[in-house]
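> Following is a predicted model, sequence given first.
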Amino acid sequence: MASSRLFSQQSLKYGFAAFAAASATLSTMPTAHAQSRKSIYDDDDNDTEAIAPVAGTIRPAAPTAEELALTKTEIVNGVTVRTADNLEKIINKGRNWVAGKAEQGQQKADNVFEKYLNAEKSVTSTIAEIKSDEEDILPGGIYVLVSTLTGSILARNRNIALRGIAPVVFGVAAFRYFLPQTYENTGKLIWKFEQKAPSLADTHVKTKQQVDGLVKDVTDAVDSGNQALENAVHSARKFVADSTGLQIPTDQQSKKN
């Protein structure tokens, strides 16, 4: 009986001790867990510096010469900023490349726009040089177009060479007749362009000389034909007058009467 009572007292004593130990363990666990969690407002400088401590100690190790050569530390508005020289060089090189390409693109765009303005100015000045203020371009141009179509119609049943030449000849002739000043200005402009190609200019000069010679020969032939015709008519009148005694009036006498 006494032994059972002693066993109960010891069991109760050990039970209270175990209960107290469990309570202490449960009360200290949240505190330890809370201490292990890091606040977002803590300063990270000490942790950053303690990343590479001296072997066997908790003191932060001094940066090596290689690390100092690879990184650069600056203080900006009270904040320590560490940058890598290689990264800066790469970024700077990329920025310079982009800026250079942008400048080249802008220069090309400016050159293209300048060429466009020069071409527009050249066309405007050329039209101003060709057009004569004393001539009406619209009706004259219509006459030239109608003459070109007429030449095409007249030569439609001929060979291919004549069909190609006839509209050009009719058009140029009408251009020279209806717009003489503009035709002359156009010829001067064509000659100015031909001077840039000496071989073409020489060909033009030779062709013009041949055409002028041909026109002169045709004119001389026509004049000679007219003179021969007048002489023949005069001889015929004289022969008739001598043979028959009739007095045939001349053209001048007919006009006076």
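Noted; the coordinates are in hand.

> does residue 80 count as helix, strand or coil?
strand (DSSP: H, G, I helix; E, B strand; the rest coil).

> quick one: what helix or strand has the residue nearest to it when sequence neighbours are not counted in it?
In space, and not counting its chain neighbours, residue 80 is closest to residue 73: 6.2 Å by CB to CB, 6 or more residues apart in numbering. Any C-beta I mention is one placed from the backbone N, CA and C, and that applies to glycine too. Residue 73 belongs to strand 71-76 when assigned by DSSP states H and E.

> circling back: separation between the residue nearest to residue 80 and residue 92?
Distance, residue 73 to residue 92, by CB to CB, to the nearest Å: 19 Å.

> again, but for residue 160
Counting by CB to CB, the gap from residue 160 to residue 92 is 70 Å.

> next one: residue 226
Where residue 92 is concerned, residue 226 sits at a distance of 92 Å (CB to CB).

> And for residue 199?
To residue 92, residue 199 is 56 Å away according to CB to CB.

> now do residue 237
Taken as CB to CB, the span from residue 237 to residue 92 is 108 Å.

> Same question for residue 164.
Note on residue 164: its distance to residue 92, by CB to CB, is 67 Å.

> cool, residue 172 as well?
Taking CB to CB, one finds residue 172 at 67 Å from residue 92.

> Between these two, tell me which one has more neighbours.
Of the pair residue 172 and residue 92, residue 172 is the one with more neighbours under other CB atoms under 10 Å, namely 15 against 10.

> In what element of secondary structure is that one found?
Going by DSSP H and E, residue 172 is part of helix 160-178.

> Next secondary structure after that helix?
helix 180-194.

> quick revisit: tally of neighbours for the residue nearest to residue 80?
10.

> Residue 97 now?
If we define neighbours as other CB under 10 Å, then residue 97 has 10 of them.

> Kindly report the same for the one 3 residues further on.
Other residues near residue 100 come to 10 when the count uses other CB under 10 Å.

> can you list the domain ranges for this structure.
81-130, 133-180, 197-244 (the TED database).

> Name the residues of stretch 142-155 that are buried.
Buried residues in stretch 142-155, counting neighbours by 16 or more other CB atoms under 10 Å, are found at 143, 144, 147, 148, 151, 152, 155.

> Now tabulate those residues in JSON lines and tack on pLDDT.
Shown next, in JSON lines, are the buried residues of stretch 142-155 (pLDDT from 0 to 100):
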{"residue": "143", "pLDDT": "90"}
{"residue": "144", "pLDDT": "90"}
{"residue": "147", "pLDDT": "90"}
{"residue": "148", "pLDDT": "91"}
{"residue": "151", "pLDDT": "87"}
{"residue": "152", "pLDDT": "89"}
{"residue": "155", "pLDDT": "85"}
